[in-house]
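**Student:** Predicted structure and sequence below. I'll ask about it afterward.
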Amino acid sequence: MIKVLIGTIPHHEQRYDTVGDWQFNETTGQLTIWVSDLNNWRYELLVGVHELVEALLCSHGKITQEKVDAFDLKYDGDGEPGDEPNCPYRGPHCIATGIERILAAVLGVTWIAYEEAIADLPDWSKGRL
């Protein structure tokens, strides 16, 4: 069994320009998920669950974190890197988004307002050293 830690951090503390980031620690067996602070626990929960599902499905499908990180770090398009047809983790990402949308509906979250909150995050590079 793995240990999972999900927490919020200021957006500029993410490893790269993303609202949610997951990392496996092979030594401890811990999955850590960092979600950018969105000032709304429901929004942060949605991001955290998305990342949890995506990470576990990637692991199950033998899609390494290194592959995911490499794709994300060089991505320069608009929107989500996981939506790109050539994305190595597109399947897990799309399933995670489906679950995220279902959970949003159950929680009474309007998807457009949620996307706007994410888009309104401050410039990631601001505050970085």
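**Tutor:** On my side now, so go ahead.

**Student:** how about the residue lying closest to residue 111 once chain neighbours are set aside, what does it touch?
**Tutor:** Spatially, and ignoring its direct neighbours in sequence, residue 111 is nearest to residue 104 (5.8 Å; C-beta to C-beta, 6 or more residues apart in numbering). All C-beta spots, glycine's among them, are computed from the backbone N, C-alpha and C. Neighbour list for residue 104: 42, 46, 110-111, 114 [criterion: C-beta atoms under 8 Å, 6 or more residues apart in numbering].

**Student:** Go again with 10 Å.
**Tutor:** By C-beta atoms under 10 Å, 6 or more residues apart in numbering, the contact list for residue 104 reads 42-43, 45-46, 49, 110-111, 113-114.

**Student:** again, but for residue 88
**Tutor:** Per C-beta under 10 Å, 6+ apart, neighbours of residue 88: 58, 61, 63-64, 67-68, 70-71, 81-82.

**Student:** Redo the residues you listed as CSV? Include pLDDT, secondary structure and neighbour count.
**Tutor:** Converted to CSV, those look like this (pLDDT from 0 to 100; DSSP: H, G, I helix; E, B strand; the rest coil; neighbours: other C-beta atoms under 10 Å):
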residue, pLDDT, secondary structure, neighbour count
58, 97, helix, 22
61, 97, coil, 12
63, 97, coil, 20
64, 95, coil, 14
67, 97, helix, 14
68, 97, helix, 23
70, 96, helix, 12
71, 96, helix, 18
81, 94, helix, 20
82, 96, helix, 21
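
**Student:** I'd like those residues as CSV, with distance to residue 97 appended.
**Tutor:** Below are the contacts of residue 88 laid out as CSV (distance: C-beta to C-beta, whole Å):
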residue, distance to residue 97
58, 14
61, 16
63, 16
64, 21
67, 19
68, 15
70, 21
71, 16
81, 12
82, 8
